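Participant: My questions concern the predicted model and sequence given below.
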Amino acid sequence: MRPSSIAVDEGEQKTKAPQEAHHHEKDQLDAGALFVLKSKGSWVHCGYHLTTSIVAPPLLSLPYAFTFLGWGPGIVCLVIGALVSFYSYNLLSLVLEHHAHLGHRHLRFRDMANDILGPKWGRYYVGPIQFMVCYGAVVACTLLGGQCMKAIYLLSDPNGSLKLYEFVIIFGCLMLVLAQIPSFHSLRHINLISLVLCLAYSSCATAGSIYIGTSSKGPEKDYSLKGDTENRVFGLFNAIAIIATTFGNGIIPEIQATIAAPVKGKMFKGLSVCYAVVTVTFFSVAISGYWAFGNQAEGLILSNFLNGGKPLVPQGFIFVTNIFTILQLSAVGVVYLQPTNEVLERTFADPNSKEFSLRNVIPRLISRSLSVIIAIVIASMLPFFGDINSVIGAFGFMPLDFVLPVIFFNLTFKPTKRSPIFWLNVTIAVVFSTLGVIAAISAVRQIGLDAKTYRLFANV
């Protein structure tokens, strides 16, 4: 049996001093926890990791989500998404802190599920779903990075012959290099730069929208909902899924694992840093983009900055905005690669050898490279992967980020059925489970509608 990443077993927790328990923890860690999920960071570093995992280029789709909702429901959904996700992540953090205080520090989502729900839940539900969500995010980042590169290329050469998959491969090469960074904690400086980059391209998107919206270049503002009743209903749930997935994370335990002991209170500070950035970026992009383009807002608001290939803002402005987006996408992709790296390290590395010994470096280089190459191939072959990712997001982000945290809290702290927090958590679990199922149905329907345009290696 492989050693677990749970720090100390129940019989030892009462007899060991904190220093001895910490030493015992290091002895018992498997290679994935020991090398990838090093517990060395501060709450500030945690804030960087959280910001990169949540404040990512998919936020540029928020004006598009508003086209299905309109002003009032759009802003209400955005506020509810922010409040509920912050609340859920904080609950998850409190559960992790509670178990760490008892001597059971969980470093992975599936370890929490094993301990709280039972081994089968961790092995057959939480583990596979988290892997699909995170690896799907890596593929999506690789595809979006290639699309942004292609947009820059077409600005400079509108009749250029290079295809989308070639740009996906170029972006993938950058990912290939970054994937070799050994541990999650090692990404702290990259994720600080990522935080600055997300503020930069969000500011550019907001400024560009305001510039076009106040000039005569933009479309006539129309905020009415398009389509018949059926399309409006499915569009409503599609929009809710977009907003929920934009707030998605799926790796809170792994991020909290990077914090040096003691962990108490540090995650809340990190979440506060992250959500300060969330508030500034999400609301400014969503409101300015929808105000400027109304129901003409496209899937990525930067696409609205071009009208038939002709820039509505200075060409250099679009170039810089796309560069900021591409660079942050590489950081986001590498963050979501960490659960995969942890599994690979646990499988192929030797915890008894040094981290940078040949015994561990060679398997790490080969396995991580193959992992990224597979993501590049999928992104190149399936430029319509966004539709597939919507299904994965509905089945994955909803339970991982909104349903399981409140269930874990109720099972761990056992609030009485008379307490408001118990019923608030039950309500969140039921509502978001229902939304997850409906969003998945809506995403599958969209795949059916788009299927006739699907083609491998399509140059979209």
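Facilitator: That came in fine, so what should we check first?

Participant: from here on, contacts and neighbour counts on C-alpha atoms
Facilitator: Noted.

Participant: which intervals of the stretch 301-450 of the chain have sub-threshold pLDDT?
Facilitator: 385-386, 389 (pLDDT under 70).

Participant: residue boundaries of the helices in it?
Facilitator: For the stretch 301-450 of the chain, applying DSSP state H, counting those that start in this stretch gives helices covering 315-336, 338-348, 358-381, 385-398, 404-413, 420-450.

Participant: Residue 30: which of those helices is closest?
Facilitator: Evaluated over these, closeness to residue 30 peaks at helix 338-348, with 6.1 Å, by Cα to Cα.

Participant: Ok, which of the helices of the stretch 301-450 of the chain comes nearest residue 43?
Facilitator: Closest to residue 43 of these, according to Cα to Cα: helix 315-336, at 16.9 Å.

Participant: Could you name the helices and strands sitting against that closest one?
Facilitator: With contacts taken as 3 or more Cα pairs under 8 Å, 6 or more residues apart in numbering; DSSP states H and E, helix 315-336 sits against helix 43-54, helix 127-156, helix 164-178, helix 188-214.

Participant: tell me the angle that helix makes with helix 127-156.
Facilitator: 160 degrees (axes from the mean of the first three to the mean of the last three Cα atoms, to 10 degrees).

Participant: Just checking the distance from helix 315-336 to the centre of its chain.
Facilitator: Chain-centre distance of helix 315-336: 15 Å, with Cα atoms, centre = their mean, to the nearest Å.

Participant: buried ones in it?
Facilitator: Using 16 or more other Cα atoms under 10 Å as the test for burial, helix 315-336 gives 318-319, 321-336.

Participant: burial count for the nearest residue to residue 147 once chain neighbours are set aside?
Facilitator: Closest residue in space to residue 147, ignoring its immediate chain neighbours: residue 164 at 6.6 Å, by Cα to Cα, 6 or more residues apart in numbering. By the other Cα atoms under 10 Å criterion, the neighbourhood of residue 164 contains 23 residues.

Participant: Distance of residue 164 relative to residue 315?
Facilitator: Residue 164 is 21 Å from residue 315, where distance means Cα to Cα, to the nearest Å.

Participant: Could you verify my assumption that residue 190 touches residue 331?
Facilitator: Yes: applying Cα atoms under 8 Å, one finds residue 190 in contact with residue 331, separated by 6.8 Å.

Participant: list the residues that contact both of these two?
Facilitator: In terms of Cα atoms under 8 Å, 6 or more residues apart in numbering, residue 190 and residue 331 are not both contacted by any residue.

Participant: name the element residue 218 belongs to?
Facilitator: Assigned by DSSP states H and E, residue 218 belongs to neither a helix nor a strand.

Participant: That one and residue 289 touch, don't they?
Facilitator: No: if you go by Cα under 8 Å, residue 218 and residue 289 don't touch, sitting 11.3 Å apart.

Participant: When those two are compared, which one has more neighbours?
Facilitator: For the pair residue 218 and residue 289, the greater number of neighbours falls to residue 289 (32 against 19), based on other Cα under 10 Å.

Participant: Who are the contact partners of that one?
Facilitator: Contacts for residue 289 were tallied using Cα under 8 Å, 6+ apart; they are 63, 205, 206, 209, 210, 297, 301.

Participant: What about the residues you listed, which one has the most neighbours?
Facilitator: Most crowded among these, counting by other Cα under 10 Å, is residue 63 at 32 neighbours.

Participant: packing partners for the one helix or strand it maps to?
Facilitator: Following DSSP H and E, one finds residue 63 within helix 62-69. If you count contacts as 3+ Cα pairs under 8 Å, 6+ apart, helix 62-69 packs onto helix 229-246, helix 266-293.

Participant: What separation do you get for the closest residue to residue 405 other than its chain neighbours and residue 279?
Facilitator: Distance criterion Cα to Cα, 6+ apart; nearest residue to residue 405, sequence neighbours excluded, is residue 92 at 5.1 Å. For residue 92, the distance to residue 279 (Cα to Cα) stands at 21 Å.
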